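[1] need a 3D model of the following:
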Amino acid sequence: MFKRLSLLLVSVTLAVSGFWYFTRPPAAPPRPPLTGPAPDLAGFARALAPQDFSLPRDHGPHFDYQTEWWYYTGNLTAATGEHFGFQLTFFRRGLTPGAPPQAGLSTNQIYFAHFAITDVAGGRHRGLERFSRGAGGLAGATGEPFAVWLEDWRADALNADGSQVRLRARDGALALDLTLRAVKPLVAHGDRGLSPKSEQPGNASYYLSYTRLAAEGRVTVDGRDFAVTGESWFDHEWSTSALGPNGVGWDWFSLQLSDGRELMLFQLRRDDGGIEPISGGTLVQADGRTVRVPAAAVQIEVLDTWDSPATRGAYPARWKIRIPSEQIELDVTPWLPAQEMQLMFSYWEGAVRVTGLSGGQAVSGHGYIELTGYAGSMQGVF
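    Got it, this is the predicted structure:
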């Protein structure tokens with residue numbers, strides 16, 4: 001996102017007043033509050049026009065922009081038949097523009113990460129989070145070679161252009177160790193990578209994806225270790241922007257179909273119940289060619305809902321997606337309804353399965369969906 005998505009402006013107001021340099025010895029960071037004064041955007045770059053991208057450099061951090069994230073999601077199957085969904089996401093938040101100091105514990109960069117596994121057979125979804133300063137090797141990102149990490153949660157390139165990576169994350173009895181390999185070219189969403197989030201100039205991100213990566217490795221749940229294979233999706237976005245003034249949240253879809261196509265869609269929801277006209281997405285053909293999908297070409301119908309007992313958020317829980325111009329009609333259903341991330345802020349991020357038509361032919365598939373703003377507005381948060 002939108003990752004993703006996509007779409008994120010992480011308003012993490014740290015327990016620091018009067019200065020942005022952190023000089024304390026390393027310690028478990030406090031849980032950052034979500035509310036506070038509006039972030040100071042002075043000096044940060046804005047996503048205003050398409051630009052050329054170079055790999056692996058542009059897999060790495062863009063310190064002139066305030067917010068950035070690297071988003072891995074996927075669906076995995078064990079040799080014994082169990083199905084798992086996973087999410088491993090790294091977020092970077094700049095307190096001031098520019099790269100951090102090269103040495104010491106002083107920094108102007110904060111990182112946080114989310115790690116989750118959905119165990120379908122066990123009927124359980126678990127989400128975890130960590131925070132750290134971007135200094136002293138605690139957290140950081142590089143482009144050449146590509147790597148992003150927060151303590152021992154990591155994504156590391158295995159080849160020169162960063163199209164193959166190893167993911168590692170462990171927390172107690174929950175662990176992930178996967179090798180991912182892109183089987184299709186990098187996708188630049190929107191206008192050659194420039195993805196607007198509202199009609200306001202500069203309220204946009206640069207948004208790149210590997211929409212289909214072959215995945216292989218191991219998942220550990222409650223101390224039980226599973227050899228798994230499957231498919232993953234990678235989103236990388238950077239921006240200095242926020243939701244529009246009437247925005248409350250977004251719905252983000254990443255779907256991988258059995259005919260070799262992938263579909264990314266996003267809806268930016270407003271407080272009047274409407275959808276921002278700038279919403280839309282990208283259809284990736286089997287040969288890697290892309291088709292930009294405007295909001296007017298998509299029909300998304302909610303068929304069911306799930307009410308969170310923890311946050312009282314009422315989330316969509318099944319969808320019918322139609323794109324008549326592409327002969328697409330899909331029924332999308334969560335593998336489990338309860339895949340809410342109850343972390344620094346609450347949102348729903350979960351594995352889904354797909355049936356329906358693509359190009360007028362029967363297809364199946366899987367993917368991930370992110371839903372924000374249903375357990376409280378994201379205004380002042382993103």
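[2] where do the strands sit along the stretch 101-250 of the chain?
    With DSSP state E, counting those that start in this stretch as the criterion, the stretch 101-250 of the chain has strands at 109-119, 124-133, 139-143, 146-150, 153-157, 164-171, 174-182, 187-188, 194-196, 204-221, 224-239, 247-257.
[3] quick one: closest of those to Gln361.
    With CB to CB as the criterion, Gln361 lies closest to strand 247-257 of the strands of the stretch 101-250 of the chain, at 10.0 Å. All C-beta spots, glycine's among them, are computed from the backbone N, C-alpha and C.
[4] quick one on the thing from earlier: would you turn the strands of the stretch 101-250 of the chain into JSON lines with distance to Leu268 and mean pLDDT?
    Below are the strands of the stretch 101-250 of the chain laid out as JSON lines (distance: least, CB to CB, whole Å; pLDDT from 0 to 100):
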{"stretch": "strand 109-119", "distance to Leu268": "21", "mean pLDDT": "97"}
{"stretch": "strand 124-133", "distance to Leu268": "23", "mean pLDDT": "97"}
{"stretch": "strand 139-143", "distance to Leu268": "27", "mean pLDDT": "97"}
{"stretch": "strand 146-150", "distance to Leu268": "26", "mean pLDDT": "98"}
{"stretch": "strand 153-157", "distance to Leu268": "27", "mean pLDDT": "98"}
{"stretch": "strand 164-171", "distance to Leu268": "29", "mean pLDDT": "98"}
{"stretch": "strand 174-182", "distance to Leu268": "28", "mean pLDDT": "98"}
{"stretch": "strand 187-188", "distance to Leu268": "20", "mean pLDDT": "98"}
{"stretch": "strand 194-196", "distance to Leu268": "10", "mean pLDDT": "93"}
{"stretch": "strand 204-221", "distance to Leu268": "12", "mean pLDDT": "97"}
{"stretch": "strand 224-239", "distance to Leu268": "14", "mean pLDDT": "97"}
{"stretch": "strand 247-257", "distance to Leu268": "5", "mean pLDDT": "94"}
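[5] so can I have CSV of the ones you listed showing mean neighbour count?
    Formatted as CSV, those follow (neighbours: other CB atoms under 10 Å):
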stretch, mean neighbour count
strand 109-119, 24
strand 124-133, 20
strand 139-143, 21
strand 146-150, 24
strand 153-157, 21
strand 164-171, 19
strand 174-182, 20
strand 187-188, 20
strand 194-196, 22
strand 204-221, 22
strand 224-239, 22
strand 247-257, 25
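[6] and of those, who's closest to Arg269?
    strand 247-257 (5.3 Å).
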